[in-house]
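J.: structure for the following, please:
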Amino acid sequence: MKASELREKSVEELRTLSEAERKALFDLRFQHYTGQLMNTASLSRTRRNIARLETVIRELELAQAAQ
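T.: Take a look at the predicted model:
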């Protein structure tokens, strides 16, 4: 998901998405450690998605605090 698409969502929706991505990352790591993960690029893609979500959440929080 692009950051511009994420900025249109509320903070609560973003937190829900972040939690879902964190659970997905946990599952991917588990699969990787057990040798079941075929596409290892999904690990870095998921980490980047989490970072993107957390960045947008922080931007929105700072914007609300400035008002």
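J.: next secondary structure after the helix or strand of the chain at the bottom of the mean pLDDT ranking?
T.: When each helix and strand of the chain is scored by mean pLDDT, DSSP states H and E, helix 3-6 comes last, with a mean of 92. Toward the C-terminus, helix 3-6 is succeeded by helix 11-34 as the next helix or strand (DSSP states H and E).
J.: name the residues of the lengthiest helix in the chain that come out as buried.
T.: Looking across the chain with DSSP state H, the single longest helix is helix 41-66. For helix 41-66, the neighbour count (16 or more other C-beta atoms under 10 Å) marks 46, 49-50, 52-53, 56-57, 60 as buried. Yep, even glycine has a C-beta here, placed from its N, CA and C like the rest.
J.: packing partners of that helix?
T.: helix 3-6, helix 11-34 (3 or more C-beta pairs under 8 Å, 6 or more residues apart in numbering; DSSP states H and E).
J.: give me the residue at the spatial middle of the protein.
T.: Ile50 (2.3 Å; C-alpha atoms, centre = their mean).
J.: could you find the closest non-adjacent residue to it?
T.: Glu21 (4.8 Å; C-beta to C-beta, 6 or more residues apart in numbering).
J.: what sits against the one you found?
T.: 46, 49-50, 53 (C-beta atoms under 8 Å, 6 or more residues apart in numbering).
J.: phi first, then psi, for Met38.
T.: Backbone torsions of Met38, given as degrees, to the nearest 10, read phi -90, psi -40.
J.: nothing else from me, thank you.
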